[in-house]
Each structure stands twice: as structure tokens, then as C-alpha cells.
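Undergrad: this one's sequence-less:
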């Protein structure tokens with residue numbers, strides 16, 4: 001394959017999960033140039049000159065040009081973007097699963113930063129930081145009211161540099177400083193366990209470079225513990241995406257060889273492609289087929305895939321492929337609806353643009369753009385219903401989103417009202433101790449959707465949602 005399709009993404013951390021995801025087809029710059037509209041170019045030049053001579057204070061030439069490029073590209077749709085040096089580096093880190101930092105998964109609680117879990121083997125893990133520890137200061141900066149992304153940036157840095165975190169440990173009622181030396185962190189995108197005899201749960205939090213190898217190792221662990229597996233739950237909830245070759249490989253792990261996983265279509269010749277469940281479409285150069293180690297029985301084990309509004313892009317590709325080939329029962333709520341492809345083109349050694357160039361389609365030819373994957377069985381996120389689902393952003397909520405190209409969109413008038421109700425519920429829920437909150441950790445024994453998935457695998461009654469219905473495409477107003 002002459003090119004590599006990537007799907008990268010960001011998802012907010014915590015109870016309220018939204019996604020801004022991107023499918024990116026990386027290619028070299030094209031040689032052919034289209035004719036330039038001279039009159040409009042002259043206007044652009046004139047505006048540049050006026051700003052330079054008439055603006056209240058001097059403006060840097062480079063800033064004016066890069067801001068013009070950024071505005072031109074970002075006005076097209078939510079996923080087209082100009083990359084400066086810093087954002088290009090962050091984009092690459094997002095797909096590699098590697099970054100320099102202390103090695104903790106975090107969320108926000110009462111204006112502070114709470115540790116969800118330290119990454120095993122990381123500097124934070126070795127320093128003894130624990131789940132539920134609260135970070136009150138990063139070096140000399142108080143974190144009260146600090147945005148989560150700002151906190152992340154302050155904890156990241158160059159290898160071998162130090163950062164001091166002030167920790168409040170609730171169960172010990174004490175505050176203490178911990179100085180940690182930053183190093184390269186490899187994030188864990190695969191979790192899993194045997195949840196009860198005969199049944200296992202494997203969760204993918206993102207599709208990264210190491211995801212397939214980690215998935216294979218996790219499956220091997222599961223089968224070693226439970227050789228006679230009767231059913232498997234593949235958990236893609238809140239998975240914002242990642243690399244396409246990883247998505248194709250995970251699909252291929254369960255599908256017959258050579259069936260179609262996903263197709264892409266756009267104006268460019270290299271945007272028209274079909275990706276199949278075969279090693280040529282997912283194995284890395286110079287590497288073997290990572291799926292060869294998997295037990296043959298994985299192709300036939302009864303399978304449930306859990307999804308929700310935070311499942312986007314690469315996770316939608318996997319869910320769509322397994323659904324269309326009738327290999328799995330898809331359960332949960334309708335997915336994010338990210339079905340467009342972006343091409344990343346370099347503008348220099350460390351800058352570039354990401355431009356929407358195609359839509360992608362499930363094996364049956366459906367575009368999920370601004371719609372998402374509709375589960376076979378709709379399941380609420382808790383026994384009390386979908387408490388916070390309305391707060392999660394979807395593709396259709398984003399300004400300038402593409403339509404699917406397969407019919408008009410219809411606007412959902414009730415959505416904003418549902419969001420306001422969910423905001424009020426979230427405020428009340430945040431006041432409760434973590435153990436009493438209605439939406440527990442994924443994979444726990446209180447995970448309502450996981451319990452329903454296991455019931456499905458066992459042929460037992462499933463508590464189907466009484467309120468969730470298929471979400472139609474929303475009409476895009478010009």
C-alpha cells in the first residue's frame with residue numbers, strides 16, 4: 001500500500017465525554033497546482049498591506065500569514081486544520097501513543113485534578129501516586145480552576161526534566177509534594193480480564209501504534225486463564241479513534257479473511273480505496289502478521305461490541321464492519337458520527353495542513369458521517385437511564401460539519417433541552433462520593449452496560465432502553 005490512513009482524535013476526560021476526531025490520509029505534497037484567482041489574491045495582498053501599515057501596533061509578518069492560512073483551512077469544516085510546529089508535534093504524539101510526561105490518567109473533580117490511574121511502570125507509578133489522589137499544585141501553579149489541557153501541558157515537558165506535584169490524599173487526610181522526573185510514556189490502550197467463568201471483557205481506549213500487539217497479548221492472557229471462552233465483550237465506549245491499520249487489524253481478528261472492512265471515496269485517486277481483513281492492509285513494513293498468534297476460535301466466539309456517543313472514527317469503523325458482516329451484536333447508544341477523511345500535507349519540515357478529502361463507508365456502503373453507527377440493541381448507560389449522554393458532543397453538533405452525502409439532515413429540537421437537564425443532573429452527581437455515583441468505571445461489577453452485554457451473550461433477558469431511538473441526520477442550515 002502506497003499510503004497510510006490514520007485516524008487520530010481527542011476526547012475529553014471524565015464523566016462528560018465528547019470527541020473531536022480526525023481520519024487522516026498522509027501523503028506527499030502534490031505536484032499539480034490549480035490556477036490561482038488573481039483578483040482575490042490581489043485583495044488578500046492589499047489587506048496584508050493595510051494591516052501592516054494601518055493597524056494600531058506592528059504585527060509580525062509570519063503571524064499574519066499563518067493566521068490567514070489557519071483561518072482559510074479551519075473555515076471549511078471542523079476537522080481541517082493548519083499545523084504549526086507545536087501542534088504538528090502533538091498530532092504525531094497522539095497517534096504514536098508516546099509522549100514525555102509523568103504517566104498518569106487524569107480527570108477533574110471540584111476544580112482540582114484527580115488521578116484516575118497511574119500508568120504501570122511510569123515515573124508517577126514508581127513515585128507511589130495512587131488512584132483518587134488529588135493534584136493541588138503543579139510546581140508553583142495552583143490547579144484550582146486550571147483547564148485540564150493546561151494541566152496536561154504543565155506536566156509534560158522534555159525528558160529528564162523535573163516537575164513537582166503537590167498531592168492531597170483524601171483517605172490519609174494529608175498533603176505532600178512529590179518531585180518526578182519526566183520520561184517518555186507509552187500509553188496503555190488495551191485493558192481486559194475474565195469477568196466470570198467463560199466470559200471476558202477487552203477494552204480499547206484508542207487505536208495506537210502498539211494497540212494491535214497489546215490486543216493480541218491480552219487475548220492470549222484471557223485464553224490462558226479461560227481456554228473455553230463462551231463469549232467476549234469488546235468495549236469501544238469513549239474510544240475517539242486512532243490508526244486505521246489498527247482498526248483494520250482488530251476487525252480482521254474476528255472476521256473471515258479478505259472481507260471488506262472499510263472503503264473511502266473522494267475526488268483524489270488516492271482517496272478511493274478499499275481496506276480488507278488481510279495482512280497487506282494492517283501489518284507494518286518489515287513486520288510479520290501480529291494476528292497469527294491469536295487462537296483460531298476467536299473468529300467464532302460469540303461477540304458483543306459496546307459503543308456510545310464517544311465512540312468515534314476508527315472505533316466506528318470496527319463496529320460498522322462487525323455489524324455489517326453480522327459478526328457481532330452492537331450494543332449501547334448511537335456513535336459519534338465521524339465519517340470523513342483528512343489528508344495531511346507538509347508545508348515545510350515541521351508544519352502542514354490537514355484537509356478533508358473523502359468520506360469513508362462501512363462494508364454495506366453506508367456513510368456514517370453526522371449520523372454514526374446505530375446499535376442492534378439500544379442500552380442505557382445506567383439503570384437510571386442515560387444520565388449524561390446528552391452532554392457528549394457529536395459530529396452533528398460541530399459547526400460546519402459535512403453532511404453524509406446520502407440524504408438531508410433533520411434538526412433535533414429536543415436535544416438542547418435534554419442537555420440542560422443532563423447538566424443539572426451532573427452538578428448533583430458531582431456532589432456525591434465517587435462510590436455513590438450512578439455511572440461507575442467501565443469494566444467494574446457495577447458497569448450496567450457490561451452486565452447487559454453479558455446477559456446478551458448468555459441468552460438471558462436484556463434491559464433494553466425505553467427512551468433511546470435512532471438519531472436521524474440533522475438538517476444542516478446554511
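TA: Great, that's in hand. Model, not experiment: these values are computed from the prediction. Numbers count the residues shown, from 1 in each chain.
Undergrad: center of this protein, which residue is that?
TA: residue 240 (1.3 Å; CA atoms, centre = their mean).
Undergrad: Would you double-check that it falls in a helix?
TA: No - applying DSSP: H, G, I helix; E, B strand; the rest coil, one finds residue 240 to be coil, outside a helix.
Undergrad: Residue 310 is in contact with that one, correct?
TA: Yes - assessed by CB atoms under 8 Å, residue 240 is found in contact with residue 310 at 6.8 Å. In short, each C-beta sits where N, CA and C put it, glycine included.
Undergrad: what are the ranges of the helices in this protein?
TA: Assigned by DSSP state H, the helices in the chain fall at 38-54, 61-74, 85-96, 123-126, 148-155, 211-225, 244-254, 314-324, 415-430, 448-458.
Undergrad: Adding mean neighbour count and mean pLDDT, write these out as TSV.
TA: As requested, the helices of the chain are exported to TSV (neighbours: other CB atoms under 10 Å; pLDDT from 0 to 100):
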stretch	mean neighbour count	mean pLDDT
helix 38-54	10	94
helix 61-74	13	92
helix 85-96	16	72
helix 123-126	18	91
helix 148-155	16	84
helix 211-225	18	97
helix 244-254	27	94
helix 314-324	29	96
helix 415-430	14	60
helix 448-458	20	97
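Undergrad: so which of these comes closest to residue 464?
TA: The closest of the helices of the chain to residue 464 is helix 448-458. By CB to CB, the value is 8.3 Å.
Undergrad: Give me the packing partners of the closest one, helices and strands only.
TA: With contacts defined as 3 or more CB pairs under 8 Å, 6 or more residues apart in numbering; DSSP states H and E, the packing partners of helix 448-458 are strand 190-196, strand 199-204, strand 231-235, strand 303-307, strand 329-332.
Undergrad: Name the stretch among those that sits most buried.
TA: Stretch with highest mean neighbour count among the helices and strands packed on helix 448-458: strand 303-307 (a mean of 27; mean count of other CB atoms under 10 Å).
Undergrad: Could you list the residues in contact with that strand?
TA: Applying CB atoms under 8 Å, 6 or more residues apart in numbering, the contact partners of strand 303-307 are 231-237, 254, 315-316, 318-319, 322-323, 327-333, 335, 373, 375, 449-450, 453, 456-457.
Undergrad: mind listing what it pairs with, with the direction of each?
TA: Sheet neighbours of strand 303-307, with direction, are listed as strand 231-235 (parallel), strand 329-332 (parallel) (DSSP bridges).
Undergrad: Mind listing what's buried along the lengthiest strand in the chain?
TA: Identified as the longest strand of the chain according to DSSP state E is strand 352-361. Neighbour-count burial for strand 352-361, counted by 16 or more other CB atoms under 10 Å, picks out 352, 353, 354, 355, 356, 357, 358, 359, 360, 361.
Undergrad: With pLDDT and distance to residue 217 added, can I get these in JSON lines?
TA: Converted to JSON lines, the buried residues of strand 352-361 look like this (pLDDT from 0 to 100; distance: CB to CB, whole Å):
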{"residue": "352", "pLDDT": "88", "distance to residue 217": "34"}
{"residue": "353", "pLDDT": "90", "distance to residue 217": "37"}
{"residue": "354", "pLDDT": "86", "distance to residue 217": "32"}
{"residue": "355", "pLDDT": "88", "distance to residue 217": "36"}
{"residue": "356", "pLDDT": "85", "distance to residue 217": "35"}
{"residue": "357", "pLDDT": "86", "distance to residue 217": "35"}
{"residue": "358", "pLDDT": "84", "distance to residue 217": "33"}
{"residue": "359", "pLDDT": "90", "distance to residue 217": "34"}
{"residue": "360", "pLDDT": "90", "distance to residue 217": "29"}
{"residue": "361", "pLDDT": "96", "distance to residue 217": "32"}
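Undergrad: Of the residues you listed, which is the nearest to residue 166?
TA: Closest approach to residue 166 among these (CB to CB): residue 354, at 37.6 Å.
Undergrad: Settle this for me: the closest one is touching residue 77, isn't it.
TA: No - contact criterion CB under 8 Å: residue 354 and residue 77 do not qualify, at 10.6 Å.
Undergrad: follow-up on the earlier one: out of the helices and strands packed on helix 448-458, flag the one nearest residue 58.
TA: Residue 58 sits nearest to strand 199-204 of all the helices and strands packed on helix 448-458, at 50.1 Å, using CB to CB.
Undergrad: ok now the closest one, how far from the chain's centre?
TA: Centre-to-centre, strand 199-204 and its host chain are 18 Å apart (CA atoms, centre = their mean, to the nearest Å).
Undergrad: What pairs with it, parallel or antiparallel?
TA: Using DSSP bridges, strand 199-204 pairs in its sheet with strand 190-196 (antiparallel), strand 231-235 (parallel).
Undergrad: Run through who's touching the first one.
TA: Translated: strand 190-196. Residues contacting strand 190-196 (CB under 8 Å, 6+ apart): 200-205, 211, 214-215, 217-219, 221-222, 225-226, 233, 443, 450, 454.
Undergrad: got the angle between it and helix 448-458?
TA: Relative orientation of strand 190-196 versus helix 448-458 (axes from the mean of the first three to the mean of the last three CA atoms, to 10 degrees): 60 degrees.
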